[in-house]
Each structure stands twice: as structure tokens, then as C-alpha cells.
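Undergrad: Based on what follows, work out the 3D shape:
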Amino acid sequence: MSATLMPNLTDRFGRRIEYLRLSVTDRCDLRCSYCMPEGFKGFEEPAHWLTFDEIERLLGAFARLGLKRVRITGGEPLLRRDLPALAARIARLPGIEDLSLSTNATQMDKHATALKAAGVTRLNVSLDSLHAERIEAVTGRDVLHKIMAGLSSAQQAGFTPIKINMVAMRGVNDDEIDDMVAFCMERNFVLRLIEAMPMGDTGRNTQYLDLQPVKARIQARFGLVDTAFQGGGPARYLGSPDGQFSVGFITPISQHFCATCNRVRLAVDGTLYLCLGQEEKFEFRPLLRGSATDAELESAICAALELKPERHEFREQPDKIVRFMSATGG
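TA: Below is the predicted model:
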């Protein structure tokens, strides 16, 4: 199907899909308790990873159909060799207006300048605590100092905004959410608080925290107001009256956002996942490594979107999804 017949990617529920999260590796140097279990060995074979040429071709087809935003994810994307070169290729694709990166920042001090030059415009950095011993407990590694060094390098390279992603966990880090708000205010970071999702055993074993009461408390304590802070994702934001600080709430459990979902996820092996909380998927690697034409790729993309479900079932069927978050693409 040509772009002239399908000017934008729309699923069968009328949602425009303009945001793709691209996993470039399922490897990670951390073992966050809600994402990947310690000792996990079930990684995808590198021979199955999409090459840079395959990624560029597939994303080019998506862009011709209306894709506008790409977020590079993992695993930890900075473990993929020559990532800035891939970022530059994606940034040059006609139609791509926004290229961002999700990272744990442990490698950022080595790559920040090159990523900025390549065309990455925004960063999301995972940081679940400001205490070294808690970071080690959650990630399995003593890396708080590396994350902080990475954040400093990113700011020096000129990245703005930098969003801090904090998975809020009852009995783990819920007592320092207010401290994280103050930290982000001081450093000019955007904070995003995230409810843990029951993805695999790791996600189901995480101590879920309902963010609705947290949102009310933070709003009162810090004098925040509803804000129209613009982002490509599902976060609902509060901000300071002077516009200098924003905190977003990603609440897939307590207040899901399925009706406005605008994204799909492409795993490192070319599998397109249509929903975090459902099993629907489409395999693009056979097409890319076969004889598929560009027109056939575009038709396949449109067919894949027909599989996107109306909503997840995290509350109704929390045991449904057995794959880990790191295998899905962040």
C-alpha cells in the first residue's frame, strides 16, 4: 500500500500510530529487579539482530506511512556498537521529526557528544533512587556514580530536556519520591514516575505502587499545577507555576491510557510488538532478509497494525505476559 493511499498509520480503533520504540539490543549491563532477572541467559543471537541497513530500510517504510517519532531503546542501547552512526541514519530519514534515546546512562559519558551530533534530541534516563545502596539493590550493580557522571556529560553535551524515569515501588523507593522531585527541580530535569507493570516474573514480583495518591501529595507539597507539557508518550504532567519544572505520571495500571496509545515496539530481532500487555506481534526479519519490495514492506506494516489490540489486560490477567520487558524493547 502506497503512502498516497495511507497518509498516516491508523489502527482499526482509529488511533494514529506515529511513535516507534526501536530496540537495538536485548543485552544490558544492569539487572533491574523489575526488568531482567539476575542470571538470565536467554538473549537473542546477534545473527538474528536487525542490521543497521535493515533498520534504516524498515524505519524508512514506516516513515513513508506517517511515522514521526523514534525512540532508541534496549536492553541498554549504548551497548550496541557504533550506535551514534545508526542514530545519524535514522535522524536523516524523511518524515522523522523526533529521535530520542532511553538509557541507564552508565555508558553515557563516553557517547553523549557523538549522540548529540548524530541528531538524538532528547534523553530518558532510568534512575530509581538517589542512594547508592538502593541502586545496587535494584540494579544488582554499584553504578550510581556512573549514572550521575552520565547525566553530567549529557547536560554538558547540550541535551534538553533530560527526563528521569523512576519506577515507583512500594517499600523500595516510595519514601524518596519527594527527594527525587527536589533533585530534578534543582538539576533542571523532567521527572517521570512510572507504575510497575506485570511483565514476566520480574514485573509481577515488583511491589506495585498506585501513583494517584502520590500525585495528589506531590501537587500539594510542591504547589504544582496541571500542565500541557508536550511529550511523545502517555505521561500526564504537573508543573511548577513558573514553567521551570515538570513531573509526569505514567500509570498503566491505576489509570490506563490505551485509548490514546500511539506507539508500537520493534524488538532487536525484527519482531513488532503491538502492545506491552498482549501477545500480538508481527515478524519483519523474514521480509527484510527475503525478497520483499518496499511496497510489500509498507503493506506488511499496515497489516501488522490491524493486529493492535484495543487495550492491555494487566489488571484482569496479570500473569498473561511471560516475556521480560528487556525482550520487548523498553
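
Undergrad: Show the residue spans covered by the helices in the protein.
TA: With helices called from DSSP state H, the chain shows them at 52-64, 83-91, 108-118, 132-139, 144-157, 177-187, 200-204, 211-222, 285-288, 294-305, 325-328.

Undergrad: which one of those lies closest to Lys41?
TA: Taking CB to CB, helix 325-328 is the member of the helices of the chain nearest to Lys41, at 12.4 Å. Any C-beta I mention is one placed from the backbone N, CA and C, and that applies to glycine too.

Undergrad: mean confidence for the closest one?
TA: Helix 325-328 carries an average pLDDT of 58.

Undergrad: my guess is Gly239 contacts Phe222, does it?
TA: No. With contacts counted by CB atoms under 8 Å, Gly239 stays clear of Phe222, the gap being 9.8 Å.

Undergrad: Between the two, point out the one with more neighbours.
TA: Using other CB atoms under 10 Å as the criterion, Gly239 and Phe222 rank with Gly239 on top: 19 against 16.

Undergrad: Could I get the contacting residues of the more buried one?
TA: Counting by CB atoms under 8 Å, 6 or more residues apart in numbering, Gly239 touches 224-227, 229, 245-247.

Undergrad: Now rank the residues you listed by neighbours and give me the top one.
TA: Val247 (30 neighbours).

Undergrad: Tell me how far that one lies from Leu209.
TA: The gap separating Val247 from Leu209 is 15 Å, by CB to CB, to the nearest Å.

Undergrad: can you tell me which residues contact the nearest residue to Arg289 once chain neighbours are set aside?
TA: Among residues not flanking Arg289 along the chain, Glu54 sits closest, at 7.6 Å (CB to CB, 6 or more residues apart in numbering). Residues in contact with Glu54 (CB under 8 Å, 6+ apart) are 270, 285, 288-289.

Undergrad: Point out where the stretch 1-150 of the chain drops to low pLDDT.
TA: Low-confidence segments of the stretch 1-150 of the chain (pLDDT under 70): 1-8, 37-38.

Undergrad: One more pass at 50, please.
TA: By pLDDT under 50, the weakly predicted segments of the stretch 1-150 of the chain are 1-7.

Undergrad: quick revisit: from the contacts of Gly239, which land in strands?
TA: 225-226, 246-247 (DSSP state E).

Undergrad: and which of those is nearest Ile253?
TA: Among the ones in strands among the contacts of Gly239, Val247 lies closest to Ile253 (CB to CB), at 18.2 Å.

Undergrad: so how far is Val225 from the closest one?
TA: 11 Å.

Undergrad: joint contacts of those two?
TA: Here Val247 and Val225 share the contacting residues 238-239, scored by CB under 8 Å, 6+ apart.

Undergrad: What does the nearest residue to Leu238 once chain neighbours are set aside show for phi and psi?
TA: Excluding its sequence neighbours, the residue lying closest to Leu238 (CB to CB, 6+ apart) is Leu224, at 3.9 Å. Here is the backbone geometry of Leu224 (degrees, to the nearest 10): phi -90, psi 160.

Undergrad: who touches Leu224 in this structure?
TA: Contacts were defined as CB under 8 Å, 6+ apart; by that measure Leu224 touches 218, 238-240, 245, 247.

Undergrad: before we move on, back to that, can you tell me which of the contacts of Gly239 lies closest to Arg265?
TA: Looking across these and measuring by CB to CB, the closest to Arg265 is Phe229, at 23.2 Å.

Undergrad: coming back round to it: would you check which pair of the contacts of Gly239 lies furthest apart?
TA: The widest separation within these (CB to CB) is 13.6 Å, between Asp226 and Phe245.

Undergrad: And stretch 70-85, end to end?
TA: End-to-end span of stretch 70-85 (CA to CA, to the nearest Å): 15 Å.

Undergrad: Oops, could you answer that again for stretch 78-98 instead?
TA: Distance across stretch 78-98, first residue to last, is 19 Å (CA to CA).

Undergrad: Kind regards, and thank you for your time.
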